[in-house]
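Q: For reference, the sequence and a predicted model appear below.
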Amino acid sequence: MSDSPVRILHVANSLGLGGTEKVLQLFVTNLDKTRFLPAVYSPKDGERGPQIRSMGIDTFIGSELLDVLIRFQPHIVHIHRAGWTEPELLKPMKRSGTPVVVETNVFGRHDPSQSAAIIDRTLFVSSFCMDRFARTTGISPESPRYSVLYNPVDTDFFKTMTRTDRDFSKPVAGRISRADPGKWSRLALDILPILARDIPDFKYHVIGGTPEAHDFVHAHGLNQTVVFHDPVATDKDIATFLDEVSVLAHANDTGESFGLVIAEAMACGLPVVTHPCEGLKDNAQLELVDHQITGLIANTTEEYAGAMKYLFSHPEEARRMGQAGRDKSARLYRAQTVTRKLESIYNELLDLKGIII
């Protein structure tokens, strides 16, 4: 093997603040630069673009993907996508003769198109996604074609940036999401009158409040209880926000294919309250949150409000769950560890194809 680095082009549809883009950013910044030379392609720039470039990583924005492939000549292309059919994304790789193609399949969906035949490895972001893929397609997700690789989280940073002397008896909950109705559940609102009634000094800090959430708070006279915050762009901002709350209140009727915010809250030492989703909706939040170990799982509004009240009134239990969550996130989601696993996958695929660099 030569000393030349393996050229890897990470591809996403945008470089905004979404979780998909954040995962891409964590991977490219944590790759071993003595062995790998990463670059990024996206049709659209966004908030993550300058952050990636500040780390000395090239980004190709707005160009034709085929032109970038010919120019950069990657040994590996790593696509970050939902999983459904996107021929315009895959065909350029076939035309350019890309040696190895890897996809992070964010939602565990099946792409039956001929274009998808170019993919050498599908990475599911949770065991839930891989299991649902098998149930709904009848395809056995066996190695080396399929495997699970959890999303990376900068657990070291969150541990350093958040307090160890948190007062878990302080009745303050936090919620982070995009201001998208699809990221919400009525549970996140219906619990509020109950908690405001039973805990007079209860506070609820929200990033990503939707118009419905603002209207609900106003209609129920909860303006002194709920504090809406602007979106945040960095892990430092997230850590600062989470450092002021005692529990992460997660509620999303669509569910999570992984649950990056949950994993980040766990890395900060917070217990998490969440709920299951019905049918074949995303349910990886139950893979991250172990009931009564790293948080609590509730099925109804009353159960959810009761879980919050239990944590506030049992601060040592909340601390124990928070520490268990911090330990789990460091063990399973630590960015450096997950990226080393990704590097092993890259090397395995190069070896399987007999590609010597």
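A: Yep, it's here.
Q: For Thr254, give me its contacts.
A: The contact partners of Thr254, by C-beta atoms under 8 Å, 6 or more residues apart in numbering, come to Gly182, Lys183, Cys277, Lys281, Asp282. For every residue, glycine as well, the C-beta is placed using N, CA and C.
Q: Reformat those as CSV; add neighbour count.
A: Below are the contacts of Thr254 laid out as CSV (neighbours: other C-beta atoms under 10 Å):
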residue, neighbour count
Gly182, 10
Lys183, 19
Cys277, 18
Lys281, 14
Asp282, 22
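Q: from the residues you listed, which is closest to Val227?
A: Lys183 (18.4 Å; C-beta to C-beta).
Q: and that closest one, what does it touch?
A: Ser177, Gly208, Asn252, Thr254.
Q: any idea how far the third one lies from Ala330?
A: It refers to Asn252. Note on Asn252: its distance to Ala330, by C-beta to C-beta, to the nearest Å, is 24 Å.
Q: Between these two, point out the one with more neighbours.
A: Comparing Asn252 with Ala330 by other C-beta atoms under 10 Å, the one with more neighbours is Asn252, at 24 against 17.
Q: and the more buried one, what element?
A: Asn252 belongs to no helix or strand when elements are defined using DSSP states H and E.
Q: quick one: it and Ser177 touch, right?
A: Yes: using C-beta atoms under 8 Å, Asn252 is in contact with Ser177, at 6.9 Å.
Q: Which neighbours do those two have in common?
A: Lys183, Trp184.
Q: Now Asp131: which helix or strand?
A: Element membership for Asp131, per DSSP H and E: helix 127-137.
Q: before we move on, what about His214?
A: If you go by DSSP H and E, His214 is part of helix 211-219.
Q: Please spell out which residues along the very next helix or strand once past that helix are buried.
A: Once the chain leaves helix 211-219, the next helix or strand it forms, by DSSP H and E, is strand 226-229. Within strand 226-229, the residues scored as buried using 16 or more other C-beta atoms under 10 Å are Val226, Val227.
Q: Quickly note the distance from Gly269 to Ala263.
A: Gly269 is 12 Å from Ala263, where distance means C-beta to C-beta.
Q: so what does the helix holding His214 touch, helix or strand wise?
A: Applying 3 or more C-beta pairs under 8 Å, 6 or more residues apart in numbering; DSSP states H and E, we find helix 211-219 packed against helix 187-198, strand 226-229.
Q: could you give the mean pLDDT of the first one?
A: Here helix 187-198 scores 98 as its mean pLDDT.
Q: how far is the very next helix or strand once past that helix from where the chain is centred?
A: Using DSSP H and E, the helix or strand that directly follows helix 187-198 along the chain is strand 203-207. Computed by C-alpha atoms, centre = their mean, to the nearest Å, the chain-centroid distance of strand 203-207 equals 20 Å.
Q: and the least confident helix or strand in the chain by mean pLDDT, C-alpha only, in PDB?
A: Least confident helix or strand, the chain: helix 87-96 with a mean of 93, by mean pLDDT, DSSP states H and E. What follows is helix 87-96, C-alpha atoms only, in PDB (Å, rounded to 0.1, in the frame of the first residue of the first chain):
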ATOM      1  CA  PRO A  87     -31.100   8.400 -10.000                       C
ATOM      2  CA  GLU A  88     -29.700  11.900 -10.600                       C
ATOM      3  CA  LEU A  89     -27.400  11.400  -7.600                       C
ATOM      4  CA  LEU A  90     -26.200   7.900  -8.500                       C
ATOM      5  CA  LYS A  91     -25.900   7.900 -12.300                       C
ATOM      6  CA  PRO A  92     -22.900  10.300 -12.300                       C
ATOM      7  CA  MET A  93     -20.900   7.800 -10.200                       C
ATOM      8  CA  LYS A  94     -21.500   5.000 -12.700                       C
ATOM      9  CA  ARG A  95     -20.600   7.300 -15.600                       C
ATOM     10  CA  SER A  96     -17.400   8.400 -13.900                       C
END
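Q: ok, Ser126 - contacts?
A: Gly108, Val148, Tyr150, Ser257, Phe258, Ala284, Glu287.
Q: my read is the first one is in a helix, agree?
A: Put plainly, it is Gly108. No: applying DSSP: H, G, I helix; E, B strand; the rest coil, one finds Gly108 to be coil, outside a helix.
Q: Where do the helices of this protein begin and end?
A: Assigned by DSSP state H, the helices in the chain fall at 19-30, 48-53, 65-72, 87-96, 127-137, 155-161, 187-198, 211-219, 235-242, 260-267, 285-288, 301-313, 315-332, 335-352.
Q: Would you point to the one among the ones you listed that's packed deepest?
A: Per residue and on average, the most neighbours among the helices of the chain fall to helix 260-267, with a mean of 28 (mean count of other C-beta atoms under 10 Å).
Q: Quick one: list the elements packing against that one.
A: helix 19-30, helix 155-161, strand 172-176, helix 235-242, strand 247-249, strand 272-274, helix 285-288, helix 315-332.
Q: so how far is it from its chain's centroid?
A: The chain centroid and the centroid of helix 260-267 are separated by 8 Å under C-alpha atoms, centre = their mean.
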